[in-house]
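> let's see this in three dimensions:
(2 chains)
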Amino acid sequence: MLSVTPDILTDLPWGQLLVNGLALGSLYALTAFGIVLIFKTTRVITFAQGETAMFSTFVAFTLLTAFQLPFAVAFVLTMLFAGVFGALIERVVIRRISTTTVLNPVIVTVGLSLILLGAAGWIWGYEIRTFPDPVVGPPFHLGTVVVSQLNALIFLVTLVLMTVLFAFFRFSPTGIAMRAVAENRMAAQLMGVSIGRMNALGWGMGTAMGAVTGMLIAPINYLDPSMMGDVALKAFAAAVVGGLTSLPGAVVGGLLLGIVDSVVGFEVPELRNTIAFALIVLVLVVRPGGLLGRHETKKV
Amino acid sequence: MGRPLLTVNELEAYYGRVCALHSVSLEVAEGSVAALLGANGAGKTTTLRVISGLLRPTRGSVEFDGKRIDGSNPDRLVRAGIVQVPEGRQIFADLTVRENLMLGGYARRDGGSARQESQRVFDYFPRLGERLQQRAGTLSGGEQQMLAIGRALMARPRLLLLDEPSLGLAPLLVKEIFRVIGDIRAAGTTVLLVEQNAHMALRIADHAYLLETGRVILGDRSAALRQREEVQRAYLGH
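Here you go, the predicted structure:
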């Protein structure tokens, strides 16, 4: 029996839960950002985002353990790998499938995720491994709130990535061209923008974002082929809650879900997913277009 | 007629299984304005879409500056100098006016003179210069048409394809748009214009073609076309 009394609410370590929630939410946000980016540029909702991230995280693991590379180097190399990997998926598979029915891309990306699950298990095995800690050292104290070095790194990476991406989409010709493709493919083509190149770039960037989540959550959740299942589901939910076509919406959705996860998980861990998804259903019932999305209306 | 910049030869094109063009042939001389006239569904927009690479023809050829270009992707053709202002403007409503203009120059590799190009656009349409930071979706219909043309000029086209630039605009704005089309030609850009407003089109064009159900049924100097009885009856309301 769940009874939330004011007593319990005031007793919660709110500050700490908020910090933990924001860290987890940042990771959801990064993956959700990737999903939205891929959707906006290619009009394909990818269900393979979690598994491309997992696969990339195994690549990072190999770079860290077999090649003994420093974390920062492995991190950047893995992002590059994921970028090329995502672009290849677009070029070799996504570009060739018909999008005349919504179901085709769904089946294909679900299929891709299963292939990657099997491939990762076959290459690296199914046992649960520990992922090397990217940072070691004593946590930071802010009053009564403890911020682990890993969480601080998560905040830093998220902040840097979001700033760089914001600048990219706001100021660079390529970023503006990507936004143009998302809004009106035909007109973008008439400006000389190559749709194929932008699609590949969208997939590459989106996949790289997922890989970042994978590398930063693996030290918390351990490493195995199914590591991204729960995270990808939450990221997906975050993308939908944010509006699916809104990049800021994906970030807001991710952070919100992270905080809900953290608070509910502290109080009633077994209801974590239940309450998170009840909230998602509620948001979509009240605002069908998501928090920051625009409700798509047919133009006359 | 001067040297042809664009030569279209017996084009045939389909939308799915519907034949939109049966046989379209036309020529646009370098430095001139040519007009495509005809009723709704005659194939005017389809002809432009084939020229700009949005639609592949099933038969026939398109030559630009003496080279075959049919079957090329639109982004290659923009780089070659063919820029289309699509019907209904198709500006990027969520982007600012400045960003829309930037995209117009996207395909230009010699980024150096983008400033010069935008100065020219602001000379033609001073109102755009005052609204650079505004979301393009908030512009009025006339301003959106100006932006669509300005955006295309940023690519410094050799051939500008204009699809119904006067559609839905008030008479004063239509005059302004046509004045600018005249200026664009005077500055050396060749123009192929699709228009419902036959009066205005025949006044500005050197040469005009009349389309009917996917075929060119008449093609002549505008002055000569204006005298033809069938043109007067069907398009000029005499």
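> just give me the neighbour total for the closest residue to residue B:174 other than its chain neighbours.
Nearest non-adjacent residue to residue B:174, counting by Cβ to Cβ, 6 or more residues apart in numbering or on different chains: residue B:166, 4.4 Å away. Where C-beta positions appear, they are placed from N, C-alpha and C, glycine not excepted. Residues near residue B:166, counting by other Cβ atoms under 10 Å in any protein chain shown, number 21.
> ok, residue B:166 touching residue B:180?
No - using Cβ atoms under 8 Å, residue B:166 is not in contact with residue B:180, being 11.6 Å away.
> quick check: end-to-end length of stretch A:187-194?
With Cα to Cα, to the nearest Å as the measure, stretch A:187-194 spans 11 Å from end to end.
> the residue nearest to residue B:174: what secondary structure?
Put simply, residue B:166 is coil when judged by DSSP: H, G, I helix; E, B strand; the rest coil.
> spatially nearest residue to whatever residue of the stretch 1-150 of chain A ends up closest to chain B (excluding sequence neighbours)?
Nearest residue of the stretch 1-150 of chain A to chain B (Cβ to the nearest Cβ) works out as residue A:40 at 11.1 Å. Using Cβ to Cβ, 6+ apart and skipping residues adjacent in sequence, the residue nearest residue A:40 is residue A:182, 4.0 Å away.
> in which helix or strand would I find that neighbour?
Per DSSP states H and E: residue A:182 is located in helix A:173-183.
> and if you look at residue B:209?
Judged by DSSP H and E, residue B:209 forms part of strand B:207-212.
> burial of residue 11, as a residue count?
Just going to use chain A. 9.
> the intended chain is chain B.
27.
> which SSE is the closest residue to it other than its chain neighbours in?
Nearest residue to residue B:11, sequence neighbours excluded (Cβ to Cβ, 6+ apart): residue B:60, at 3.8 Å. Secondary structure assigned from DSSP H and E places residue B:60 in strand B:59-64.
> near chain A, which residues of chain B are found?
In this structure, chain B approaches chain A at residues B:52, B:54, B:73-75, B:78-79, B:83-84, B:86, B:90-95, B:99, B:102-104, B:106-107, B:151, B:155, judged by Cβ under 8 Å from any Cβ of the partner chain.
> in strands, which of the residues you listed fall?
B:83, B:84 (DSSP state E).
> the residue nearest to residue B:11 touches residue B:7, doesn't it?
No - counting by Cβ under 8 Å, residue B:60 stays clear of residue B:7, with 10.7 Å between them.
> shared neighbours of those two, anything?
By Cβ atoms under 8 Å, 6 or more residues apart in numbering or on different chains, residue B:60 and residue B:7 have no common neighbours.
> which residues of chain B fall in strands?
Under DSSP E, chain B gives strands at B:4-15, B:18-29, B:33-38, B:59-64, B:67-68, B:82-85, B:159-163, B:190-194, B:207-212, B:215-221.
> buried residues in the second one?
The one in question is strand B:18-29. B:20, B:21, B:22, B:24, B:26, B:27, B:28, B:29 (16 or more other Cβ atoms under 10 Å in any protein chain shown).
> tell me the mean pLDDT for that strand?
Averaging pLDDT along strand B:18-29 yields 91.
> from the chain's centre, how far out does that strand sit?
Its chain's C-alpha centre and that of strand B:18-29 lie 15 Å apart, by Cα atoms, centre = their mean, to the nearest Å.
> I would like the residues contacting it, please.
By Cβ under 8 Å, 6+ apart, strand B:18-29 touches B:1-14, B:34, B:36, B:43, B:46-47, B:50, B:57, B:60, B:159, B:190, B:192, B:206-207, B:209, B:211, B:213-216, B:219.
> orientation of it relative to strand B:4-15 in degrees?
Angle, strand B:18-29 to strand B:4-15, by axes from the mean of the first three to the mean of the last three Cα atoms, to 10 degrees: 180 degrees.
> now the fourth one
Orientation note: strand B:59-64 sits at an angle of 150 degrees relative to strand B:4-15 (the same axes, to 10 degrees).
> what's the most buried one of the strands of chain B?
Stretch with highest mean neighbour count among those: strand B:82-85 (a mean of 28; mean count of other Cβ atoms under 10 Å in any protein chain shown).
> could you list every helix and strand that that one packs against?
helix B:44-51, helix B:141-153, strand B:159-163 (3 or more Cβ pairs under 8 Å, 6 or more residues apart in numbering or on different chains; DSSP states H and E).
> just the closest residue of chain B to chain A, please.
Per Cβ to the nearest Cβ, residue B:107 is where chain B lies closest to chain A, at 2.8 Å.
> report how many residues lie close to that residue.
Quick note: residue B:107 (other Cβ under 10 Å) scores 24 neighbours.
> and the closest residue to it other than its chain neighbours, what element?
Excluding the flanking residues, the one nearest residue B:107 by Cβ to Cβ, 6+ apart is residue A:192, at 2.8 Å. For residue A:192, there is no host helix or strand (DSSP H and E).
> ok, residue A:192 - contacts?
Here residue A:192 is in contact with B:74, B:75, B:78, B:79, B:106, B:107, B:155 (Cβ under 8 Å, 6+ apart).
> for the residue nearest to residue B:174, what are phi and psi?
phi -100, psi 0 (degrees, to the nearest 10).
> so what's it up against?
So residue B:166 contacts B:174, B:177, B:178, B:195, B:196, B:197, B:200 (Cβ under 8 Å, 6+ apart).
> which of these count as buried?
Buried, going by 16+ other Cβ under 10 Å: B:174, B:177, B:178, B:195, B:197, B:200, out of those.
> the second one contacts residue B:149, correct?
Yes - counting by Cβ under 8 Å, residue B:149 is a contact partner of residue B:177 at 7.3 Å.
> in what helix or strand does the closest residue to residue A:153 other than its chain neighbours lie?
Nearest residue to residue A:153 in three dimensions, chain neighbours excluded: residue A:135, at 5.2 Å (Cβ to Cβ, 6+ apart). In this structure, residue A:135 is located outside every helix and strand according to DSSP H and E.
> return the residues in contact with residue A:135.
Residue A:135 touches A:71, A:149, A:150, A:152, A:153, counting by Cβ under 8 Å, 6+ apart.
> on that earlier part again, a markdown table for the strands of chain B, including distance to residue A:282?
Shown next, in a markdown table, are those (distance: least, Cβ to Cβ, whole Å):
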| stretch | distance to residue A:282 |
| --- | --- |
| strand B:4-15 | 44 |
| strand B:18-29 | 47 |
| strand B:33-38 | 55 |
| strand B:59-64 | 56 |
| strand B:67-68 | 59 |
| strand B:82-85 | 46 |
| strand B:159-163 | 46 |
| strand B:190-194 | 50 |
| strand B:207-212 | 56 |
| strand B:215-221 | 59 |
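> so which of the ones you listed is nearest residue A:18?
Closest to residue A:18 of the strands of chain B is strand B:82-85 (Cβ to Cβ; 51.7 Å).
> how far is the top helix by length along chain B from where the chain is centred?
Longest helix of chain B, by residue count under DSSP state H: helix B:171-186. Distance, stretch centre to chain centre, for helix B:171-186: 13 Å (Cα atoms, centre = their mean).
> just stretch B:137-148 next, same as before
17 Å.
> just stretch A:210-226 next, same as before
In terms of Cα atoms, centre = their mean, the centre of stretch A:210-226 is set 11 Å apart from its chain centre.
> neighbours around residue B:79, how many?
Residue B:79: 15 neighbours (other Cβ under 10 Å).
> apart from its neighbours in sequence, what residue is nearest residue A:265?
Nearest non-adjacent residue to residue A:265, counting by Cβ to Cβ, 6+ apart: residue A:272, 4.7 Å away.
> thought residue A:219 was touching residue A:150?
Yes - taking Cβ under 8 Å as the definition, residue A:219 is a contact partner of residue A:150 at 5.9 Å.
> now do the helices in the stretch 151-300 of chain A.
A:173-183, A:185-190, A:195-221, A:229-242, A:247-267, A:272-286 (DSSP state H, counting those that start in this stretch).
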